[in-house]
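> this one's sequence-less:
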């Protein structure tokens, strides 16, 4: 990322974004499987965008996926918005995604642990093409099957015995994949959603609400993953009925969401990435304890 004003990634960004005098800022954080350099682009005293730089195949896939979902999010109805894609592609030999800045408004009017209006989850779920057929035939479940190549015998049994829940799903849609409080900015009139790296289609309607409470429990309340799932389950089950579920039992959505947490862990394992992700093992333990015939 180093170089003169006209060289390297920073020079290419200045030219691509037509900001010849732009400066860049970034912060340091602890290592994470999806962590990558993120440059804040500053020009004329204000932030004009952010540029994410891939460091390996895994982070490149995440950024390519985010670019896809940011473009899809351009069709969100008035009152819900997302950053615009300014550039997505190769830059100085690596993949770079530059997106417009979402200027945070004043502090949200809702409490941080309170989920936004259910209509926000419904509008995100409605993004993308209309799903066809059963959940078991869709892209999400295919990704579960693919990641299962790295599963243990017990993990395979848990996933296989949860398949019965697929037949109970009456509505499938998209999801943001990390619709946590820190990726939401809200005012009285609008909600802005950032960080779409984990967006996906063909998931049971309601996954984002389950994830909102799981992430809130772990990162904001400070609960360990097993306790966090109990905390999140209590709140998500109570609120899933407020979404447009078309008759899907909330308990089925929750169990399949836990399979998604397992899938993320297995996908990293399949790619040879040794990441300390506590949600996957906790999800398996939750399914095992609440459904004692699973994994036996």
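Received, thanks. Fair warning: this is a prediction, and the values are worked out from it, not measured in the lab. Numbering: from 1, shown residues only.

> What ranges in this protein fall below the confidence cut-off?
1-6, 33, 103-111, 130-133, 188, 274-276, 291-296 (pLDDT under 70).

> buried residues in the longest helix along it?
In terms of residue count, the longest helix belonging to the chain (DSSP state H) is helix 250-270. If you call a residue buried by 16 or more other C-beta atoms under 10 Å, then helix 250-270 has these buried ones: 250, 252-269. Where you see a C-beta, it was placed from the backbone N, CA and C, and this is true even at glycine.

> what does stretch 68-78 give?
For stretch 68-78, the neighbour count (16+ other C-beta under 10 Å) marks 68-70, 72-73, 76 as buried.

> do stretch 84-91 as well
Within stretch 84-91, the residues that count as buried by 16+ other C-beta under 10 Å are 85-88, 91.

> and which of these is nearest to residue 195?
Relative to residue 195, the closest of the buried residues of stretch 84-91 is residue 85; by C-beta to C-beta it sits at 13.6 Å.

> Now do the contacts for that closest one.
67, 70-71, 97-99 (C-beta atoms under 8 Å, 6 or more residues apart in numbering).

> In JSON lines, list those residues along with secondary structure and distance to residue 58.
Formatted as JSON lines, those follow (DSSP: H, G, I helix; E, B strand; the rest coil; distance: C-beta to C-beta, whole Å):
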{"residue": "67", "secondary structure": "helix", "distance to residue 58": "15"}
{"residue": "70", "secondary structure": "helix", "distance to residue 58": "19"}
{"residue": "71", "secondary structure": "helix", "distance to residue 58": "21"}
{"residue": "97", "secondary structure": "strand", "distance to residue 58": "14"}
{"residue": "98", "secondary structure": "strand", "distance to residue 58": "20"}
{"residue": "99", "secondary structure": "strand", "distance to residue 58": "19"}
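
> can you tell me which two in these are farthest apart?
Maximum distance among the contacts of residue 85 (C-beta to C-beta): 13.4 Å, for 71 and 98.

> Pull the most distant pair out of the buried residues of stretch 68-78.
Greatest spatial distance in the buried residues of stretch 68-78: 68 and 76, 14.5 Å, computed using C-beta to C-beta.

> pretty sure residue 206 contacts residue 253?
Yes: if you go by C-beta atoms under 8 Å, residue 206 and residue 253 touch, sitting 4.3 Å apart.
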